[in-house]
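Visitor: build me a model:
(2 chains)
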Number of protein chains: 2
Amino acid sequence: MKKVVIGVDVGGTNLRAALINESGKIMSRKSRPSEAKKGIDFVTENLINLINETKKEKKIYGIGIGIPGIIDSSTGVLTQAPNISKVKNYPFKEILLNKLGPDIPVILENDANCAAVGEWWIGAGKDVNSLIMLTLGTGLGGGIILRGKLWSGVNGMGGEIGHMTIDPDGPKCNCGNYGCLESFASAEAIRRMVKEELNDKNLKTILRDEIKHSSIHDIPEIVGKAAKKGDRFSIGIWKTVGMGLGIAIANLTNVLNVEMIIIGGGLSNSWDLFFKFTTKEAKKRGLRAPMENVEINKCELGDDAGLLGAAYLALNENR
Amino acid sequence: MKKVVIGVDVGGTNLRAALINESGKIMSRKSRPSEAKKGIDFVTENLINLINETKKEKKIYGIGIGIPGIIDSSTGVLTQAPNISKVKNYPFKEILLNKLGPDIPVILENDANCAAVGEWWIGAGKDVNSLIMLTLGTGLGGGIILRGKLWSGVNGMGGEIGHMTIDPDGPKCNCGNYGCLESFASAEAIRRMVKEELNDKNLKTILRDEIKHSSIHDIPEIVGKAAKKGDRFSIGIWKTVGMGLGIAIANLTNVLNVEMIIIGGGLSNSWDLFFKFTTKEAKKRGLRAPMENVEINKCELGDDAGLLGAAYLALNENR
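Guide: Numbers count the residues shown, from 1 in each chain, chains lettered A, B, ... in the order given. So this is what the prediction gives:
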């Protein structure tokens, strides 16, 4: 009989769990609100309840959890997590093991790393041994697979590709630095660019009307629709996103010479709007030889990449 | 009895070979001019003669050769080598095996990758499992060790850290791109900065006199001496070098979370002039957690890092 694990994706809004077998088949799903704004203790309680509910159904081999934050792999401590309140060196693994019991191994991993593992396992990267995945969501996360294995750094804190400086005089990033990739290519970056530029009363764009009655959350989607209608300001925003990604992809390819770069996350749905700028910039800046040997692809697993990658880690972690 | 190999460093000016045992002890050395400007065929002939001369002395287990260029690891083809004339997809490994015979395995590897392996084996990085080495010479080469193994990319073309864009509007690099690290932190970059800035007749600097009768090759050393004497223009050049390195080190640490960054090559002799700018910039730009977990060190093996690393690869390559 095939082994079955639970893969969990901890999001800022929802927790999603799935029973997943050795072939990567999702057998059932459950979800509940994460209540991340109330603080990490709420997230933990919701997570425990969700896992207990899910694990009733089957004999479970392990639990893999993807978390939006930096986890110290040696201690299981959640060092920081910008989208969850009250996190500072939170001993996540210890608390989970106390509440879930010692019988089932629990693996914690950064969510963007999980997404990279998922896409490598059964997604866009299933035929390669080395890849880098960029997850374009609220921020920009990264995950690196080398020789068919996740490289998350010596303390599990690597893959922070969103915080690669691509322009030393660029906009201020949430991390305190200036000109990080994330400040060019993320939903948050698009919201900032729109907000800043609309202050210019002379700027002509249909966006001004279109966003008037929308929530700030929807701005990237609205900028997408406006660009498709030919709004030049909106097209310019996707050009900025695309060029930023192109610089980063050239850098990563020059340094790591991987077989594939995968772009995922919510913004990857706007692929047609930014990708031509990405390839142009990457080709201009990257060295010929490694650039000829890398494929740049869109993700295939969508929102499930993280769940599936977490499941893979639970299935394959050395015990 | 300990295995003995030949480690070779192919330089633009000289070829250096050494007999090296399993402990990394250099037992004897030989060298001869490389004649790189006359073309790759001259380099090959000189290399064959040097190896034949060296291998008379002992039973040889293998030969490791560090080369200043991009080598396709699957085919042994030297794709490009800026400091050797007439190189374009040169089937280096095939030619060497034809001339040296099939009895002794030959390993070809990029010279900066060899230097990283050498420092990891018995140099500054001997106690860690993951490191990145930056070799600051005429250009800027890089080498990456992860999980105690060289990661040179899927085609052996990785580690080209000198061609990471750190300022998209920066100076033009030899590779055709703008703002590569190499265009800020290399001997070539220092020469360019001096040449460009001295055109400004109003610029006050003792350099103007000091370089008058010197060869262009000596400029970095002269800029070092002038900075030590307090020449502000020269100090500014080392600040540019140091800050460029700092941006790159923050990027590499955010992305790869390695235990150590090692700085080697000729310019590392001017460590005291640039390093304070490097740490300041890297701390400002890197994420707190991975930056707290990385040591930045000067190389320990000097010019022998490449020889020794090539020897390590010859000793340990799977056969």
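Visitor: what's the helix or strand for residue A:275?
Guide: Per DSSP states H and E: residue A:275 is located in helix A:271-285.
Visitor: so which bits of that helix are buried?
Guide: Of all the residues in helix A:271-285, those buried under the rule 16 or more other Cβ atoms under 10 Å in any protein chain shown are A:271, A:273, A:274, A:275, A:277, A:278, A:279, A:281, A:282, A:284, A:285. Bear in mind the C-beta positions are built from the backbone N, C-alpha and C, glycine included.
Visitor: roughly how far does the last one sit from residue B:9?
Guide: Note on residue A:285: its distance to residue B:9, by Cβ to Cβ, to the nearest Å, is 30 Å.
Visitor: could I get the buried residues of helix A:271-285 as JSON lines with distance to residue B:292 and pLDDT?
Guide: What follows is those, written out as JSON lines (distance: Cβ to Cβ, whole Å; pLDDT from 0 to 100):
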{"residue": "A:271", "distance to residue B:292": "37", "pLDDT": "97"}
{"residue": "A:273", "distance to residue B:292": "38", "pLDDT": "98"}
{"residue": "A:274", "distance to residue B:292": "34", "pLDDT": "98"}
{"residue": "A:275", "distance to residue B:292": "36", "pLDDT": "98"}
{"residue": "A:277", "distance to residue B:292": "36", "pLDDT": "98"}
{"residue": "A:278", "distance to residue B:292": "33", "pLDDT": "98"}
{"residue": "A:279", "distance to residue B:292": "37", "pLDDT": "98"}
{"residue": "A:281", "distance to residue B:292": "33", "pLDDT": "98"}
{"residue": "A:282", "distance to residue B:292": "32", "pLDDT": "98"}
{"residue": "A:284", "distance to residue B:292": "35", "pLDDT": "96"}
{"residue": "A:285", "distance to residue B:292": "31", "pLDDT": "97"}
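Visitor: about what we covered before: ok, residues contacting the helix holding residue A:275?
Guide: For helix A:271-285, the surrounding residues in contact (Cβ atoms under 8 Å, 6 or more residues apart in numbering or on different chains) are A:185, A:224, A:227-228, A:235, A:238-239, A:241-243, A:245-247, A:249-251, A:253, A:263, A:267, A:291, A:296, A:298, B:165, B:177-178.
Visitor: please name every helix or strand in contact with the next helix or strand after that helix.
Guide: Following helix A:271-285 in sequence order, the next helix or strand is helix A:288-292 (DSSP H and E). The elements that helix A:288-292 packs onto, with contact taken as 3 or more Cβ pairs under 8 Å, 6 or more residues apart in numbering or on different chains; DSSP states H and E, are helix A:232-256.
Visitor: now the helix it packs on: buried residues?
Guide: Of all the residues in helix A:232-256, those buried under the rule 16+ other Cβ under 10 Å are A:233-235, A:237-256.
Visitor: keep only the residues you listed that also lie close to chain B.
Guide: Contacts with chain B within those, as defined by Cβ under 8 Å from any Cβ of the partner chain: A:247, A:250, A:251, A:252, A:254, A:255, A:256.
Visitor: how about the strands in the stretch 51-200 of chain A?
Guide: A:62-67, A:70-72, A:77-80, A:106-110, A:131-136, A:140-146, A:149-150 (DSSP state E, counting those that start in this stretch).
Visitor: make TSV from those and add mean neighbour count to it.
Guide: Putting the strands of the stretch 51-200 of chain A into TSV (neighbours: other Cβ atoms under 10 Å in any protein chain shown) gives the following:
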stretch	mean neighbour count
strand A:62-67	26
strand A:70-72	24
strand A:77-80	20
strand A:106-110	25
strand A:131-136	30
strand A:140-146	27
strand A:149-150	19
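Visitor: how about stretch A:254-271: buried residues?
Guide: A:254-268, A:270-271.
Visitor: any idea which element the residue of chain A most remote from its centre lies in?
Guide: Distance from the centre of chain A peaks at residue A:202, with 36.1 Å (Cα atoms, centre = their mean). Assessed by DSSP H and E, residue A:202 sits outside every helix and strand.
Visitor: gap between it and chain B?
Guide: In this view, residue A:202 and chain B are 26 Å apart by Cβ to the nearest Cβ, to the nearest Å.
Visitor: pLDDT below threshold where in chain A?
Guide: Filtered on pLDDT under 70, chain A yields the residue ranges A:318-319.
Visitor: helices along that one, start to end?
Guide: With DSSP state H, the ranges of helices along chain A come out as A:40-55, A:92-100, A:111-122, A:187-198, A:207-210, A:219-228, A:232-256, A:271-285, A:288-292, A:305-316.
Visitor: right, and the ones you listed - which one's nearest residue B:94?
Guide: helix A:288-292 (18.4 Å; Cβ to Cβ).
Visitor: buried residues of that closest one, list them for me.
Guide: A:289, A:290, A:291.
Visitor: list just the nearest of these to residue A:104.
Guide: Nearest to residue A:104 among the buried residues of helix A:288-292, with distances taken as Cβ to Cβ, is residue A:290, at 41.9 Å.
Visitor: quick check: the closest one touching residue A:254?
Guide: Yes - shown here, residue A:290 and residue A:254 form a contact pair, counting by Cβ atoms under 8 Å, at 6.0 Å.
Visitor: now do the shared contacts for those two.
Guide: Contacts common to residue A:290 and residue A:254, judged by Cβ under 8 Å, 6+ apart, are B:158, B:160.
Visitor: check the stretch 101-250 of chain A for the residue nearest chain B and tell me.
Guide: residue A:153 (2.3 Å; Cβ to the nearest Cβ).
Visitor: what sits against residue A:252?
Guide: A:132, A:161, A:258, A:261, B:255.
Visitor: repeat that for 10 Å
Guide: Neighbouring residues of residue A:252 by Cβ atoms under 10 Å, 6 or more residues apart in numbering or on different chains: A:132, A:134, A:142, A:144, A:161, A:164, A:258, A:261, A:282, A:286, A:290, A:294, B:158, B:164, B:251, B:255.
Visitor: which non-adjacent residue is nearest the last one?
Guide: What it means is residue B:255. Spatial nearest neighbour of residue B:255, excluding adjacent residues (Cβ to Cβ, 6 or more residues apart in numbering or on different chains): residue A:161 at 5.6 Å.
Visitor: and what of the fourth one?
Guide: Spatially, and ignoring its direct neighbours in sequence, residue A:144 is nearest to residue A:151 (4.7 Å; Cβ to Cβ, 6+ apart).
Visitor: returning to that earlier point: quick one: the helices of chain A as JSON lines, columns for distance to residue B:80 too.
Guide: Output for the helices of chain A, formatted as JSON lines (distance: least, Cβ to Cβ, whole Å):
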{"stretch": "helix A:40-55", "distance to residue B:80": "51"}
{"stretch": "helix A:92-100", "distance to residue B:80": "47"}
{"stretch": "helix A:111-122", "distance to residue B:80": "30"}
{"stretch": "helix A:187-198", "distance to residue B:80": "36"}
{"stretch": "helix A:207-210", "distance to residue B:80": "46"}
{"stretch": "helix A:219-228", "distance to residue B:80": "39"}
{"stretch": "helix A:232-256", "distance to residue B:80": "13"}
{"stretch": "helix A:271-285", "distance to residue B:80": "17"}
{"stretch": "helix A:288-292", "distance to residue B:80": "7"}
{"stretch": "helix A:305-316", "distance to residue B:80": "36"}
